[in-house]
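1. Predicted model and sequence below, questions to follow.
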Amino acid sequence: MIDKIKELGFDSVAQIPVTSIPFDPSLIKLCEMNTCGNYGKNYACPPYVGKTDELIEKARSYEKAIVFQKIYRLEDSFDIEGMNKGHEDFNALVDKIKESCEKHLDDYLVLGAGGCRKCSVCGVVDNVPCRFPDQVVASLESYGIFVSSLAEKCGMKYINGVNTVTYFGAVFHN
């Protein structure tokens, strides 16, 4: 899987034991403050993604995690369009990783960056079931993972210079 992920053009890929991942259920308090605007508006985000302790327990049930990052260049630090394009590209790459996992792994968990964006408006907003439940990818943060600490443990930079945005994801497996 590591080679398959590298072939997709990620800037860094590292495998670490799940026991080394910094989980902290208090991270969800940031979600509850709705700093990203997705709280209660996305099935892949709190509170709909699941109970934090149960999500952490699920992630900890795996032995290893392959962590990957992709750095996107921006016109300037206010380039929201560039950030959104980068996030869209990152999600497309995560979809390819998930497809590869389906072919090569029996049991896995794929986590990405930010909430699911398969639909322009998530079904939760319209009070309808998720339209693509098999395609949803929750964020690392929704599982109580401090991404900056995770990056450090993997030998990756969390911040990669002026006018960049960096997205992270992981495949948990045994």
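-> Alright, I've got the coordinates.

2. The helix or strand bottoming out on mean pLDDT in the chain: which residues count as buried?
-> When each helix and strand of the chain is scored by mean pLDDT, DSSP states H and E, helix 28-32 comes last, with a mean of 88. Residues I28, C31 are the ones in helix 28-32 that count as buried (16 or more other Cβ atoms under 10 Å). Heads up, the C-betas are built off the backbone N, CA and C, glycines and all.

3. quick one: it to chain centroid distance?
-> 16 Å (Cα atoms, centre = their mean, to the nearest Å).

4. which residue ends up closest to the midpoint of this protein in space?
-> In the chain, the centroid-proximal residue (Cα atoms, centre = their mean) is G112; its distance is 1.6 Å.

5. I figured that residue hits D89, correct?
-> No. With contact defined as Cβ atoms under 8 Å, G112 does not reach D89; the gap is 11.9 Å.

6. and the closest residue in space to Y72 that isn't next to it in sequence, which of the three is it?
-> In space, and not counting its chain neighbours, Y72 is closest to G86: 3.3 Å by Cβ to Cβ, 6 or more residues apart in numbering. Under DSSP: H, G, I helix; E, B strand; the rest coil, the three-state class of G86 is helix.

7. surely G86 meets N160?
-> No. The criterion here is Cβ under 8 Å, and G86 misses it with N160 at 11.8 Å.

8. Between those two, which has more neighbouring residues?
-> Comparing G86 with N160 by other Cβ atoms under 10 Å, the one with more neighbours is G86, at 21 against 17.

9. who's in contact with that one?
-> Counting by Cβ atoms under 8 Å, 6 or more residues apart in numbering, G86 touches K70, Y72, L74, V165, Y167.

10. from the residues you listed, which single one is nearest E141?
-> Among those, Y167 lies closest to E141 (Cβ to Cβ), at 11.8 Å.

11. part of a strand, is that closest one?
-> Yes. Counting by three-state DSSP, Y167 falls inside a strand.

12. Next one: it relative to D89, how far apart?
-> For Y167, the distance to D89 equals 9 Å [Cβ to Cβ, to the nearest Å].

13. Which neighbours do the two have in common?
-> K70, Y72.

14. Could you export stretch 95-104 as CSV, CA atoms only?
-> The C-alpha coordinates for stretch 95-104 follow below in CSV (Å, rounded to 0.1, in the frame of the first residue of the first chain):
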residue,chain,number,x,y,z
ASP,A,95,-10.8,8.2,-3.1
LYS,A,96,-8.1,6.4,-5.2
ILE,A,97,-6.4,5.2,-2.0
LYS,A,98,-9.7,3.9,-0.7
GLU,A,99,-10.3,2.0,-4.0
SER,A,100,-6.8,0.5,-3.7
CYS,A,101,-7.5,-0.5,-0.1
GLU,A,102,-10.7,-2.3,-1.2
LYS,A,103,-8.7,-4.4,-3.6
HIS,A,104,-5.6,-5.1,-1.3
